[in-house]
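K.L.:
Predicted model and sequence below, questions to follow.
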Amino acid sequence: MAEQNDLFGSMSDGDKRATDLARMQQLMSLINRYNHEYYNHDAPTVTDAEYDARLRELQQLEQRYPEAASPDSPTQKVGAEPQSALTTVTHERPMLSLDNAMNVDEFRDFYTRLQKLSGETDITLACEPKLDGAAVSLLFVDGVLQRAATRGDGQRGEDITANVRTIKNVPLRLSGDVPARLEVRGEVFMPLAAFAAFNERALQNNEKVFANPRNAAAGSLRQLDSRISAKRPLQFCAYGVGVVSDDAQLPATHSASLQQLAEWGIPISEELVVASNLVEAEAFYASLMEKRHRLRYEIDGTVFKVDDFALQETLGFVARAPRWAVAFKFPAVEQMTRLLGVDFQVGRTGAITPVARLEPVHVAGVTVSNATLHNMDEIARLDVRIGDTVIVRRAGDVIPQIVSVVHEQRPAHAERIELPLVCPVCASHIERIDGEAVARCTGGLVCSAQRKEAVKHFASRKAMDIDGLGDKLIEQLVEADLIQSLDDIYHLRYDDLLGLERMADKSANKLLNAIEQSKHTTLARFLYALGIREVGVVTAQNLAAHFVVLEKIREASLDDLLAVSDVGQIVAQHLLHFFAEPHNKTVIDQLLAAGVYWDVDDAPTVVDDAPLSGQTAVITGTLSQMSRDQASAYLQQLGAKVTGSVSAKTDFLVAGEKAGSKLNKAQQLGVRVLAEEDLLTLLAQYQVLP
């Protein structure tokens, strides 16, 4: 075991202080460059695993030498202890709002006023998207981020420095010859894809969801616990400069000043354009509105600013807005309408999704008559009922959704929305596990809404491994009603296949041979092929090793299942529901009757006195020298329990290429991480490799 302890050991404490401090500086520079490449240019040069490893290394060095940790270190983006309250910040220069132009006539009126006030025919305008987020002020002193604040009422805002430090694309230190004091103003926003993923996770975890990306950004910035903000996928985009020290020599135009900010490391809009006259400005607006739904972030209009700073000074301000700028808004993405009814749709994984039938309404240029309600928890959160007046939101290609209810207009006859007891497609029972937001049809193997995906999974390499039965062919077979249940695969005939697209004599015979060969499998593969929720390859292997025969699994109680390694309450409940469903019992019996079989002695065994006995391992990412299944089998030979999720009980994690969230969690929990080379060394040490 001595060799094993050496392999898992940490860096020696005898390294010289000077070497470590130099490495800290090198890592800071390296990680800042990685951040800039990823967040400012969308062109990462390293894998997530490499980035995480370098960040973890820097964190460990800073823990070893806390007195040498820099306030602008990229590790500061992980969040700090909660604050008792957000303090107030007085803006040295007011953060004003903009006047709006709601249509082309109002925008032309704005331009005409500029012409009259300036005496010029053509006014050069800087044109930018109007990001739908939260306005903030960033103050850099000697190039280091010192303070961040919300706009608030324009005169005073809230100190959100700790939260803004966690935003990945906000530089904590600027590069180049920067002014002694520089205030940068801009918008914090949540990209659309990140917003959708964030809300999806929140729904699954029964947590609060946000109505739109703007609310998500604003709510994230005002967290008292910056560690929460650090988990929110926020980004920043500068739109101007506030207070600047007297020594500064900024360019003479707004557009050039933004380019200067970009050179110092501050992100600006990639859509920034300069229009030299009214025609070009209107063309920019039309172009941006046409592609707004293809942008990665949400915008609600275009901001036009007089580009020349000297002319801005001449034009001045009126009330709370500058005369030299306007926000030309796009058509609204939210409208009110009435909820007429709710239909329940079945997704490819069996998820039951309530879909609202609406009184048709025009939203963002499209007539909307249906909107998603996500799940029953979301219906309860909104307190929405049939007959209610609701606010519908549509942004880009995102499915329209109901974001709120006008409760004051609720009619007396409004009806509560109830989840159906059985699947509307196949009449199987609907399952809703305690603690989960999504309800699902339990008829997986027989539900036509799920059939194609069930067959694709069944035939996949890690399941029954039917070579030649690909996605497109499966879709043809299902659509032709040649596969209505999984056992139909084993009843396909030569003549059935010849009638399909791109299926000739040779390919038909090859597929039939592959189907025949797949009948001889293992219990673990068969369990995985059934597509039981949360039962992955490792869990299937553990079930097979524990019960050995299928009948014991089918008859297992909750306590029996919980005794299996890597099977918790949720997985156990899924197994109980699956094997209790009569349709699933029938399909399993039909598969066995069709000739699917396995050898009992194929079940993996665990050696109690093996070198890794009692240790729990997790494998993530892509391995180059072997498959993850092979790696799992080798570790099990050595006595390790291989599970599918990282927890405080995990002893070590094997991280291959493109390792993601499991690696992050392992690092957060201080779990030992082995690279593939370390795994190979370990396996060679105990001579388990062939």
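P.N.:
Structure's in. What do you need?

K.L.:
mind checking how far Ala248 is from Ala648?
P.N.:
As judged by C-beta to C-beta, to the nearest Å, Ala248 and Ala648 stand 51 Å apart. Using the backbone N, CA and C atoms, a C-beta is placed for each residue, glycine as well.

K.L.:
In terms of neighbours, single out the busier of these two.
P.N.:
Neighbour count, other C-beta atoms under 10 Å: between Ala248 and Ala648, Ala248 has more, with 14 against 7.

K.L.:
Checking my notes, that one in a helix, right?
P.N.:
No: under DSSP: H, G, I helix; E, B strand; the rest coil, Ala248 falls outside any helix and is assigned coil.

K.L.:
Can you tell me the centre-most residue of this protein?
P.N.:
Ala197 (3.9 Å; C-alpha atoms, centre = their mean).

K.L.:
give me every residue that touches that residue.
P.N.:
The contact partners of Ala197, by C-beta atoms under 8 Å, 6 or more residues apart in numbering, come to Pro233.

K.L.:
what helix or strand does it sit in?
P.N.:
Using DSSP states H and E, Ala197 maps to helix 192-204.

K.L.:
got it, and Val673?
P.N.:
With DSSP H and E as criterion, Val673 is part of strand 672-675.

K.L.:
Next, the buried residues of the helix or strand following that strand.
P.N.:
Using DSSP H and E, the next helix or strand after strand 672-675 towards the C-terminus is helix 676-685. Neighbour-count burial for helix 676-685, counted by 16 or more other C-beta atoms under 10 Å, picks out 676, 678-680, 682-683.

K.L.:
What segments of the stretch 551-690 of the chain are helices?
P.N.:
Assigned by DSSP state H, counting those that start in this stretch, the helices in the stretch 551-690 of the chain fall at 558-562, 569-580, 582-593, 628-637, 661-669, 676-685.

K.L.:
Those: lowest mean pLDDT?
P.N.:
Comparing mean pLDDT over those, the weakest stretch is helix 628-637, at a mean of 79.

K.L.:
for the strand holding Val673, what is the average pLDDT?
P.N.:
Mean predicted confidence for strand 672-675 is 91.

K.L.:
where along the stretch 301-450 of the chain do the strands fall?
P.N.:
Secondary structure of the stretch 301-450 of the chain by DSSP state E, counting those that start in this stretch: the strands cover 317-318, 321-322, 325-329, 334-346, 352-363, 366-372, 389-393, 401-405, 430-431, 440-441.

K.L.:
So for Ala202, which of those sits nearest?
P.N.:
strand 401-405 (13.7 Å; C-beta to C-beta).

K.L.:
Can you list the helices and strands that the closest one packs against?
P.N.:
Counting contacts by 3 or more C-beta pairs under 8 Å, 6 or more residues apart in numbering; DSSP states H and E, strand 401-405 is packed against strand 366-372, helix 376-382, strand 389-393.

K.L.:
at 10 Å instead, please
P.N.:
Contact analysis of strand 401-405 by 3 or more C-beta pairs under 10 Å, 6 or more residues apart in numbering; DSSP states H and E lists strand 334-346, strand 352-363, strand 366-372, helix 376-382, strand 389-393 as its packing neighbours.

K.L.:
Measure how far that strand is from the centre of its chain, please.
P.N.:
22 Å (C-alpha atoms, centre = their mean, to the nearest Å).

K.L.:
do the same with stretch 253-265
P.N.:
Using C-alpha atoms, centre = their mean, the offset of stretch 253-265 from its chain centre is 31 Å.

K.L.:
Flag every buried residue along it.
P.N.:
Here stretch 253-265 shows 253-255, 257-258, 260-262, 264-265 as buried, counting by 16+ other C-beta under 10 Å.

K.L.:
what do you get for stretch 227-240?
P.N.:
For stretch 227-240, by 16+ other C-beta under 10 Å, it's 229-230, 232-240.

K.L.:
Now the two most distant members of those residues.
P.N.:
Using C-beta to C-beta, those span at most 26.3 Å, a distance reached by Ala230 and Gly240.

K.L.:
What ranges does the stretch 101-250 of the chain have for its helices?
P.N.:
According to DSSP H, counting those that start in this stretch, the stretch 101-250 of the chain carries its helices in the segments 104-118, 161-164, 192-204, 213-221, 226-230.

K.L.:
Between these, which one is closest to Val89.
P.N.:
Nearest of those (C-beta to C-beta): helix 161-164, 9.1 Å.

K.L.:
contact partners of that closest one?
P.N.:
76-77, 79-83, 86-87, 89, 136-139, 145-150, 170, 172, 188, 220-230, 232, 234, 236 (C-beta atoms under 10 Å, 6 or more residues apart in numbering).

K.L.:
The residue nearest to the centre of the chain and Glu534, how far apart?
P.N.:
On the measure of C-beta to C-beta, Ala197 and Glu534 end up 20 Å apart.

K.L.:
what's the answer for Pro129, then?
P.N.:
41 Å.

K.L.:
Which one of the two is surrounded by more residues?
P.N.:
More neighbours surround Pro129 than the other of Pro129 and Glu534, with 25 against 16 (other C-beta under 10 Å).

K.L.:
partner residues bridging the more buried one?
P.N.:
In this structure, Pro129 bridges to Thr302 when assessed by DSSP bridges.

K.L.:
So which residue of this structure lies furthest out from the middle?
P.N.:
Residue of the chain lying farthest from the centroid, by C-alpha atoms, centre = their mean: Gly119 (51.3 Å).

K.L.:
From Gln312, how far off is it?
P.N.:
From Gly119 over to Gln312 (counting by C-beta to C-beta), the distance is 15 Å.

K.L.:
One more: Val244?
P.N.:
Relative to Gln312, Val244 is positioned 14 Å away (C-beta to C-beta).

K.L.:
likewise Ala327?
P.N.:
On the measure of C-beta to C-beta, Ala327 and Gln312 end up 16 Å apart.

K.L.:
What's the local residue count around Ala148?
P.N.:
25.

K.L.:
Pull the contacting residues for it.
P.N.:
Counting by C-beta under 10 Å, 6+ apart, Ala148 makes contact with 89, 136-139, 157-165, 167, 170, 184, 188, 221, 236.

K.L.:
if you skip the residues just before and after it, what's nearest to it?
P.N.:
Leaving aside its chain neighbours, Ala148 sits nearest to Val164 (3.6 Å; criterion: C-beta to C-beta, 6 or more residues apart in numbering).

K.L.:
how many neighbours does that neighbour have?
P.N.:
25.

K.L.:
Equivalent analysis for Glu408, please.
P.N.:
By other C-beta under 10 Å, the residues close to Glu408 number 6.
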